[in-house]
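Peer 1: need a 3D model of the sequence below.
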Amino acid sequence: MTTTILRTDWADPDAEALRSAQRAELDTRYGADTEPGTKPSADDIAIFLVARDASGAAVGCGALRLLGRGEAEIKRMFVTQSARGTGVSTAILRALEDEARGLGLHTLKLETGPAQPDAVRFYEREGYRPIAKFGYYVDSAGSLCFARSLL
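Peer 2: Model (predicted):
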């Protein structure tokens, strides 16, 4: 699949649609919105990327929330059902890592959960390793946290 990944405004209609689709999928998997902490917003997301297929349709997204000390958290990583298995998720992840390096960051962290074994397999395959819970997730029984050094 030919994919183009570009920085996109948080409020872009395609970005909003992708985030809504992600939220709906997670609510179905977990039975409710169980995300700990402050929800990402235009105020705290440093970079938001949207992936588009050859026809220009938005098929995935991902974001970076700065954590300080050279670290950021991957947020709102999502690929539409029709684009799964085509390499879009890996392309978005690599683009986020490149953006992070461009910001001088050395570590990316993320949180997922037990109802997302596909996400866990994906991140582990891409070099992310389990870490202690961080930030909003420290007291979250359903959180699984991972990180990767960009150095």
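Peer 1: quick one: buried residues of the longest strand seen in the chain?
Peer 2: Secondary structure assigned by DSSP state E gives strand 58-68 as the longest strand of the chain. Residues of strand 58-68 classed as buried by neighbour count (16 or more other C-beta atoms under 10 Å): 58, 59, 60, 61, 62, 63, 64, 65, 66. To be clear about C-beta, it is placed using only N, CA and C from the backbone, and glycine gets the same treatment.
Peer 1: redo these as CSV? Include distance to residue 4 and pLDDT.
Peer 2: Converted to CSV, the buried residues of strand 58-68 look like this (distance: C-beta to C-beta, whole Å; pLDDT from 0 to 100):
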residue, distance to residue 4, pLDDT
58, 10, 98
59, 10, 98
60, 11, 98
61, 13, 98
62, 14, 98
63, 17, 98
64, 19, 98
65, 23, 98
66, 25, 98
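Peer 1: circling back: how far off centre is the longest strand of the chain?
Peer 2: The chain centre lies 5 Å from the centre of strand 58-68; the measure is C-alpha atoms, centre = their mean, to the nearest Å.
Peer 1: what pairs with it, and is each one parallel or antiparallel?
Peer 2: For strand 58-68, sheet partners with direction are given as strand 47-52 (antiparallel), strand 71-79 (antiparallel), following DSSP bridges.
Peer 1: how about the last one as PDB, C-alpha atoms only?
Peer 2: Below are the C-alpha coordinates for strand 71-79, written out as PDB (Å, rounded to 0.1, in the frame of the first residue of the first chain):
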ATOM      1  CA  GLU A  71      10.900  11.600  26.500                       C
ATOM      2  CA  ALA A  72       7.500  11.500  24.800                       C
ATOM      3  CA  GLU A  73       4.500   9.300  24.900                       C
ATOM      4  CA  ILE A  74       2.900   7.800  21.800                       C
ATOM      5  CA  LYS A  75      -0.800   8.600  21.900                       C
ATOM      6  CA  ARG A  76      -3.800   7.900  19.600                       C
ATOM      7  CA  MET A  77      -2.000   5.300  17.500                       C
ATOM      8  CA  PHE A  78      -4.700   3.800  15.300                       C
ATOM      9  CA  VAL A  79      -5.100   2.200  11.900                       C
END
